[in-house]
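kindly return the folded structure for what I paste below:
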Amino acid sequence: MSINKTIQSEIIEATKLLDDRGEIYGDAIENHTDIKDFFNLLLKDKIKDELSMLDVIYCVIGQKLARLMKSPKHEDSLKDIINYCGIALVTIQKDDRQLELVKNVSKFEGDYDYKQNT
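Okay, the predicted model is just below:
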């Protein structure tokens, strides 16, 4: 089976979950309205700017929180939030390292002593 057919098959299979998800999270439109409200809350001061990786992670967490409003004991969403928080922590650490590298590059004066740094 080609990769495109495999993807289509997976998409069709996933759409069968809509009824199950509806039972867990409620009406899809209401749920996405809740998600939109969380996104607007989280991004109210940033909507004019490009989203950062953290913005996206926080939005996905907002989506999980909106779903938990309808099903507060749904363990899968809680586990997802834990994983997204881990991703956020790694992203913050990566951003901090990148800022340090940029700061060091900006201090570079064009002299590099290879023997000293080996």
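
and the spatially most central residue of the chain, what helix or strand is that in?
For the chain, the residue nearest the mean C-alpha position is residue 57 (2.5 Å; C-alpha atoms, centre = their mean). Secondary structure assignment for residue 57, by DSSP states H and E: helix 53-70.

any buried residues in stretch 19-32, and which?
By 16 or more other C-beta atoms under 10 Å, the buried positions in stretch 19-32 come out as 25, 31. C-beta: built from backbone N, CA, C; applies to glycine.

burial check on the closest residue in space to the residue nearest to the centre of the chain that isn't next to it in sequence, number of neighbours?
Counting by C-beta to C-beta, 6 or more residues apart in numbering, the nearest residue to residue 57 once its immediate chain neighbours are dropped is residue 88, at 4.8 Å. Neighbour count for residue 88, taken as other C-beta atoms under 10 Å: 17.

swap in residue 34?
20.

contacting residues around it?
66, 67, 69, 70 (C-beta atoms under 8 Å, 6 or more residues apart in numbering).

any quick ChimeraX command for the buried ones out of those residues?
Buried members of the contacts of residue 34, identified by 16+ other C-beta under 10 Å, are gathered into one ChimeraX selection as follows:
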select :66,67,70
